[in-house]
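Visitor: Sequence plus the predicted model coming up.
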Amino acid sequence: MAEQWLASVDLGGTTTKIAFITMDGEIVHKWEIPTDNSNEGRNITINIAQALSEQLDELGETHDKLAGIGMGAPGPVDYETGIILNVVNLGWQDNYPLKDSLEAATSLPAVIENDANCAALGEMWKGAGNGARDLVCVTLGTGVGGGVIANGNIVQGINGAAGEIGHITAIPFGGASCNCGRTGCLETIASATGIVRLAMAELTKNELLGELSELFTKNGKITAKDVFDSARNGDLVSKKVLGEVSFHLGFVLASIANTLNPEKIVLGGGVSKAGSILLEAVNENFAKFTFSAVRDSTKLALATLGNDAGVLGAAWLIKNKLNQ
Ligand SMILES: [Zn+2]
């Protein structure tokens, strides 16, 4: 029998990414469908099953080609039971039995894991982690997610909520409000949203000149990318914001490194596309706050898989489950 594929899903609030992946982690085919969160989320797994069948048909394959399905979902997950504990924007009630629902819809063995953890596993398997078995991955996107891998395994925590790096407190008093209901979390600073907020606070403080100010006047808004682009061109406001973001990020990552001494800390997500200007600034602060034995051995790196990290990590999980 020819080699089977793994089906893999990265579930987002608006888009569901799906892929067929070989046992060696090569993506054979990938596509996206809209996430339908109506009807208390009951259509989500049904739509995924239908999408798998359609694409198998188009590729001239049958259901037997698939060995199993892995899925990354936004929210804390009980890995053993595949229950998603609570999730805000997919329509499901708390404690939704996602694994059972996915297995019933697809007739495939399934595993479910938190999406940031899947991204970390993907980077470990095929990306910047390059096989490192002790790895921390920070996803800097609209929010800030995190995944901690120790000795090749995701650290789950007692309630599936380990690795919530975005909700480490960076500003103990007087910080901005966070989605989690508290204030001053790292996410309020180092996410794309946080970076824009910091930049807007600077821009509205004074009559400021410079590239970022001009972009705001021209477009009526700014993006995190604008901040990095104009910092690269020497814009003072943007450089100040970059300094603030990299200070807090470097400080938090140093504390994580001092605790875990991972081989690598991988920065992923849309914000990490800023590249070396961000990595160098974070590295400078990271070096200040790390213990020397940690500083000499834990390296910061940019993620290399982009949007594919999640599906690759979910595929790795189901592959390992099937091999057990
Ligand atoms: Zn928070």
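Guide: That came through fine. Numbering: from 1, shown residues only.
Visitor: What number of residues are in the vicinity of Glu280?
Guide: 11 (other Cβ atoms under 10 Å). All C-beta spots, glycine's among them, are computed from the backbone N, C-alpha and C.
Visitor: and Ile171, how far is that from Thr183?
Guide: Ile171 sits 7 Å away from Thr183, going by Cβ to Cβ, to the nearest Å.
Visitor: swap in Ser230?
Guide: 28 Å.
Visitor: So for the two, which sits in the more crowded spot?
Guide: With neighbours defined as other Cβ under 10 Å, Ser230 and Thr183 compare such that Ser230 has more, 24 against 15.
Visitor: gap between the more buried one and the ion?
Guide: 28 Å (Cβ to the ion, to the nearest Å).
Visitor: Could you pull out the buried residues of the host helix or strand of that residue?
Guide: Using DSSP states H and E, Ser230 sits in helix 224-232. Buried residues in helix 224-232, counting neighbours by 16 or more other Cβ atoms under 10 Å, are found at Ala224, Asp226, Val227, Phe228, Asp229, Ser230, Ala231, Arg232.
Visitor: tell me the pLDDT at the nearest residue to the fourth one once chain neighbours are set aside?
Guide: Closest residue to Phe228 in three dimensions, ignoring its sequence neighbours and counting by Cβ to Cβ, 6 or more residues apart in numbering: Ala274, at 3.9 Å. The confidence metric pLDDT takes the value 96 at Ala274.
Visitor: for Leu52, same thing?
Guide: For Leu52, the predicted pLDDT is 98.
Visitor: okay, now the nearest residue to it once chain neighbours are set aside: neighbour count?
Guide: Sequence neighbours aside, Ala7 is the residue nearest to Leu52 in space, at 5.7 Å (criterion: Cβ to Cβ, 6+ apart). Using other Cβ under 10 Å as the criterion, Ala7 is surrounded by 29 other residues.
Visitor: Ok, Gly175 next?
Guide: 16.
Visitor: circling back: can you redo the buried residues of helix 224-232 as JSON lines with pLDDT?
Guide: Converted to JSON lines, the buried residues of helix 224-232 look like this (pLDDT from 0 to 100):
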{"residue": "Ala224", "pLDDT": "97"}
{"residue": "Asp226", "pLDDT": "97"}
{"residue": "Val227", "pLDDT": "98"}
{"residue": "Phe228", "pLDDT": "98"}
{"residue": "Asp229", "pLDDT": "97"}
{"residue": "Ser230", "pLDDT": "97"}
{"residue": "Ala231", "pLDDT": "97"}
{"residue": "Arg232", "pLDDT": "97"}
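Visitor: out of those, which one sits closest to the ion?
Guide: Ala224 (18.2 Å; Cβ to the ion).
Visitor: right, and the closest one touches Met200 too?
Guide: No. Between Ala224 and Met200 there is no contact under Cβ atoms under 8 Å: 11.4 Å.
Visitor: how much space between Val294 and the ion?
Guide: Counting by Cβ to the ion, the gap from Val294 to the ion is 26 Å.
Visitor: And the helix or strand containing that residue, what does it pack against?
Guide: Assigned by DSSP H and E, Val294 belongs to helix 292-295. With contacts taken as 3 or more Cβ pairs under 8 Å, 6 or more residues apart in numbering; DSSP states H and E, helix 292-295 sits against helix 236-260.
Visitor: I'd like the next helix or strand past the helix it packs on.
Guide: strand 264-268.
Visitor: what is the orientation angle of that following strand with helix 236-260?
Guide: Strand 264-268 and helix 236-260 meet at an angle of 140 degrees, taking axes from the mean of the first three to the mean of the last three Cα atoms, to 10 degrees as the criterion.
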